[in-house]
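Q: Okay, predicted coordinates and the sequence, questions at the end:
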Amino acid sequence: MKPIIILSMLGMLACWAEGADYYVANQGDDGNPGDSPAAAWRTIAKANASVAPGDTVHILGGTYSEAIAPEASGTEEKRITFKAHRKEKVLLTGVPLGIVMKDRAYVTVDGIACDQTEEYVRLENSHHVWITNSTFDHSSATDGWPNGVCITQNSHHNRISNCWIARVGYIQQSGRRGYRGGVMVIARGSDHNLIENSTLFYGGHHVVEIMTSHNVIRNNYFHNEKWMRCNGEECGYRNIIIEGTDAQRNVVEGNTFAFSGRLPSSRSTSGSSAFSLRTPRNIVRRNIFSNNAKSGLYFGISEDMRHNHVYNNVFFHNGYNDAEGSRDASGLFLLGRQITDLIVVNNIFWQNKDGRAVSFRSRCDPAKQFFSHNWQEAGDPHFMNDEAPADPFKPELLDFRLRATSPCIDAGDFLTHTTADGQGTAIQVADAGFFTDGYGVVEGDLIQLEGDTRRLRVLQVDCDGNVIQIDAPVAWRAGQGVSQPFSGARPDIGAYEH
């Protein structure tokens, strides 16, 4: 009998460790136990006050004028979860904040919608919070500097994924006129955050602002065409800006930045760039910059713009809405002498305004940058489909993969090279800044050596010593090429390997 008793007790402990399931419904009662849909609580506030590590709150479909703001944190092994019950529509509205985490950790919010709240999500001094499969739209904020999602005050290792986040900001028409607010900000002091697989659009001054380091922004779709009323018509602005002295070593990859809008200013009929990058030592790779009013990627307005790596991107049809004929209506625009040691490799520039792939201005010295194996308006690169009508809400109509006939296949350069013969798991290269170990946010890069089909996982990158630590021992020769995974003899040019 003793083994049976012990097993029963272990089973009870396992159930306890997994946490409790609670339910919230518009027709519930906070006097209920909350342990089933039939005995649900009525308010999210009751759930906020009741949850403990490992608990899951199932919110039944309906409209709630209150915030998700748990009074406890989860743990790494036992997260607290708030989720829409059976993917029913759960709407938070009519409150200043929809989701609030202050001094919280290991909380998941899954499948929740916010509409007509001033701010959608605020994370303050919080970490390992996951917001996923959620929709945030129509901010009700009309003054100050609103942000839809605000990650601030030492919030780190948080994740926003598979979300739809839109419409935050406005044009201030009187007093100090200008454009205000944005869909998301990662503020100073909040680093190592992940934004992925989401659609973000319609921000006042920008869609996303990043002011700190070691963040990963990947596989998202950004657009910011005309949507705000200004000067009797509609205006839009840029998609993303990375700025501030603390904003370094961010990875921006696999995104589409499209349809940046016309500047909301009575003094300008010109457009805006899609991506304004004003800090050093970032990686910008495998993105699409398409159909933007001015440049796809803009470097400038900073004291330190060294050692950025821009590779394997596509710059297509940028500068289309520039009414002033300025030189920054191009694929890539570089402004100022402070830009040095910029690495631009294996990018495709095609059909940008007046055939301007890259533009330099205000004493930016081309000799202080490194350009290699870029396709700069050299003829049709043979994309799968670059002729479909552009539609901000149907980005999939354009397909920038390469056809088998593309001259860009096997035409790229290796990103860096080994510096001496060697073997083991620590590879010395000429420039390790092309790669990332994931910063503890995502897995490290996969890399491949010239003439070798094996794909090796990067475990650590020493950018100062130019050493890459990998997950399996290999041998290499001096001058051997090192890149992200490729097929064929060499890497392709462009965002997608054929």
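A: Arrived safely.
Q: Backbone dihedrals for P70, please?
A: phi -60, psi 150 (degrees, to the nearest 10).
Q: give me the number of residues near it?
A: Counted with other C-beta atoms under 10 Å, the neighbours of P70 add up to 24. Heads up, the C-betas are built off the backbone N, CA and C, glycines and all.
Q: Quick check, it in contact with A105.
A: No - assessed by C-beta atoms under 8 Å, P70 is found out of contact with A105, at 10.5 Å.
Q: All the helices of the stretch 1-150 of the chain, residue numbers only.
A: With DSSP state H, counting those that start in this stretch applied, the stretch 1-150 of the chain shows helices at 2-18, 44-50, listed in chain order.
Q: and those, which one's lowest on average pLDDT?
A: Mean pLDDT per stretch puts helix 2-18 lowest among the helices of the stretch 1-150 of the chain, at a mean of 47.
Q: Bridge partners for K102, pull those for me.
A: Following DSSP bridges, K102 is listed with bridge partners E124.
Q: right, and it touches N125 too?
A: Yes - in terms of C-beta under 8 Å, K102 counts as a neighbour of N125; the distance is 6.6 Å.
Q: State the mean pLDDT of stretch 166-176.
A: If you average the pLDDT over stretch 166-176, you get 79.
Q: Can you tell me the closest non-neighbouring residue to H58?
A: Nearest residue to H58, sequence neighbours excluded (C-beta to C-beta, 6 or more residues apart in numbering): H85, at 4.1 Å.
Q: Have a look at K102 and N125 and say which one is more surrounded.
A: Taking K102 and N125 together and counting by other C-beta under 10 Å, N125 has the greater number of neighbours (16 against 12).
Q: returning to that earlier point: so the residue nearest to H58 versus D21, what's the distance?
A: Remark: distance between H85 and D21 (C-beta to C-beta, to the nearest Å) = 10 Å.
Q: Neighbour count for the two, which is higher?
A: When H85 and D21 are compared for neighbours, H85 comes out ahead with 18 against 13, by other C-beta under 10 Å.
Q: hang on, D191 packs against V216?
A: No - no contact is recorded between D191 and V216 when judged using C-beta under 8 Å, the distance being 10.7 Å.
Q: Tell me which of these two has more neighbours.
A: Applying other C-beta under 10 Å to D191 and V216 shows that D191 carries more neighbours, namely 24 against 21.
Q: show me the contacts for that one.
A: 156, 212-215, 246 (C-beta atoms under 8 Å, 6 or more residues apart in numbering).
Q: Identify the farthest-apart pair in those residues.
A: Between all members of the contacts of D191, the longest pairwise span (C-beta to C-beta) is found for H156 and D246 and amounts to 12.8 Å.
Q: Show me which residues of stretch 141-150 are buried.
A: Of the residues in stretch 141-150, those scored as buried under the neighbour-count criterion (16 or more other C-beta atoms under 10 Å) are 141, 146-150.
Q: what would those residues look like in a markdown table with distance to N197 and pLDDT?
A: A markdown table is the format used below for these (distance: C-beta to C-beta, whole Å; pLDDT from 0 to 100):
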| residue | distance to N197 | pLDDT |
| --- | --- | --- |
| A141 | 26 | 92 |
| P146 | 24 | 96 |
| N147 | 21 | 97 |
| G148 | 17 | 98 |
| V149 | 15 | 98 |
| C150 | 20 | 98 |
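Q: Relative to A293, which of those is nearest.
A: Nearest to A293 among the buried residues of stretch 141-150: G148, at 22.2 Å, using C-beta to C-beta.
Q: Next one: the closest one from H498, what distance?
A: Noted for G148: a distance of 38 Å to H498, by C-beta to C-beta.
Q: neighbour-wise, which of H156 and D246 wins?
A: Each of H156 and D246 has its neighbours counted (other C-beta under 10 Å); H156 has more, 23 against 15.
Q: Confirm for me that the more buried one is in contact with A187.
A: No - between H156 and A187 no contact is recorded; they are 11.6 Å apart, counting by C-beta under 8 Å.
Q: can you pull the contacts of the residue nearest the centre of the chain?
A: Computing the C-alpha centroid of the chain and ranking residues by C-alpha atoms, centre = their mean puts I217 first, at 2.5 Å. Applying C-beta under 8 Å, 6+ apart to I217 gives the contacts 195-196, 208, 210, 240, 250-253, 255.
Q: Am I right that it sits in a strand?
A: Yes - I217 forms part of a strand when assessed by DSSP: H, G, I helix; E, B strand; the rest coil.
Q: Show me what it bridges to in the sheet.
A: As assigned using DSSP bridges, the partners bridged with I217 are I195, V252.
Q: what's the answer for T132, then?
A: Legend: beta-bridge partners of T132 under DSSP bridges are D110, S161.
Q: What's the local residue count around it?
A: The number of residues packed around T132, counting by other C-beta under 10 Å, is 18.
Q: same deal with the one 4 residues further on?
A: Taking other C-beta under 10 Å as the criterion, the count of residues near F136 is 30.
Q: What of G261?
A: 25.
Q: Would you confirm that it contacts S272?
A: Yes - G261 is in contact with S272 according to C-beta under 8 Å; the separation is 6.3 Å.
Q: Which neighbours do the two have in common?
A: Counting by C-beta under 8 Å, 6+ apart, the contacts common to G261 and S272 are 224, 236-237, 293.
Q: Go through those residues and flag which are in strands.
A: Among the shared contacts of G261 and S272, the members falling in strands (DSSP state E) are N224.
Q: contacting residues around N374?
A: 344-349, 357, 493.
Q: how does this structure divide into domains?
A: Domain segmentation of the chain under automatic domain parsing yields 141-402, 416-483.
Q: And the ones you listed, which one averages the lowest pLDDT?
A: What stands lowest among those, in mean pLDDT terms, is domain 141-402, with a mean of 92.
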